[in-house]
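1. sequence and predicted structure below; questions after.
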Amino acid sequence: MHIEQASDSHLETVLHVERTAFGYDKEAELVRDLLHDPTALPRLSLLAFEGERAVGHVLFTSARLEDAPDPASIALLAPLAVMPEFQSRGVGGRLIERGLQMLTESGVDLIFVLGHPGYYPRYGFEPAGRLGFAAPYPIPDEHAEAWMVQALRAGVIGTTRGTVICADALDEPEHWRE
């Protein structure tokens, strides 16, 4: 398996992976919107390939913290998609790890995700709410552990906090339900 940065020429491949992984169009439409949303810049879109076949995709988009006492460079991981026959084979983890590496190298301080609390902690994510970071829309208490953060720079957690302001394409309540 190899991972490469997706380009504009990969759009249909990316959307195919999203549709197949989720079994419907909602995530594919969100990805299309985010890839065309100037408020999502800079963004990082990665595709995993098994031979010539695309088997996974992850998208990271720019965000910011509202009223943060110490501004930080932040990004959101959304969505992560792996073709059904390649799930539970490490594809998603490798996409996350490569994305985190590239974002660290580019100077991003914090990565946020709304996702499965049994999955993302394996890759260094921890619940964000109790660390002072609110999601763009309220997360119900029973799903609070699904709103997570990872620091890519030491010392940033504890010195900054605030509400995450996401790209316009993600700024809808239906995208913030786990």
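-> Cool, got the structure. Numbers count the residues shown, from 1 in each chain.

2. run through the residues that contact Gly124.
-> Leu100, Gln150 (CB atoms under 8 Å, 6 or more residues apart in numbering). C-beta coordinates here come from the backbone N, C-alpha and C atoms, glycine included.

3. apologies, that question was intended for Tyr120.
-> Ile96, Val113, Met148.

4. which of the three states applies to the last one?
-> Judged by DSSP: H, G, I helix; E, B strand; the rest coil, the three-state class of Met148 is strand.

5. burial of it, as a residue count?
-> By the criterion of other CB atoms under 10 Å, Met148 has 25 neighbours.

6. kindly report the same for the one 3 residues further on.
-> Counted with other CB under 10 Å, the burial measure for Ala151 works out to 18 neighbours.

7. quickly list what the closest residue to it other than its chain neighbours is bridged to.
-> Among residues not flanking Ala151 along the chain, Ile157 sits closest, at 4.8 Å (CB to CB, 6 or more residues apart in numbering). Beta bridges link Ile157 to Thr160, judged by DSSP bridges.

8. okay, Ile157: pLDDT?
-> Among the per-residue scores, Ile157 shows a pLDDT of 93.

9. now do the strands in the chain.
-> Assigned by DSSP state E, the chain shows strands spanning 2-5, 44-50, 53-66, 74-82, 110-114, 126-127, 133-134, 147-151, 162-165.

10. of those, which is nearest Met102?
-> Met102 lies closest, by CB to CB, to one member of the strands of the chain: strand 44-50, at 6.0 Å.

11. could you give the angle of the closest one to strand 53-66?
-> Angle, strand 44-50 to strand 53-66, by axes from the mean of the first three to the mean of the last three CA atoms, to 10 degrees: 160 degrees.

12. got a list of contacts for strand 44-50?
-> 1-6, 10, 13-14, 17, 35, 54-60, 75, 82, 86, 91, 94-95, 98-99, 102-103.

13. change it to 6 Å
-> Applying CB atoms under 6 Å, 6 or more residues apart in numbering, the set of residues contacting strand 44-50 from outside is 1-4, 6, 54-60, 91, 95, 99.

14. same question for stretch 9-24.
-> Around stretch 9-24, the neighbours that count as contacts under CB under 6 Å, 6+ apart are Ala6, Asp25, Glu27, Ala28, Val31, Ala54, His57, Ala81, Val82, Met83.
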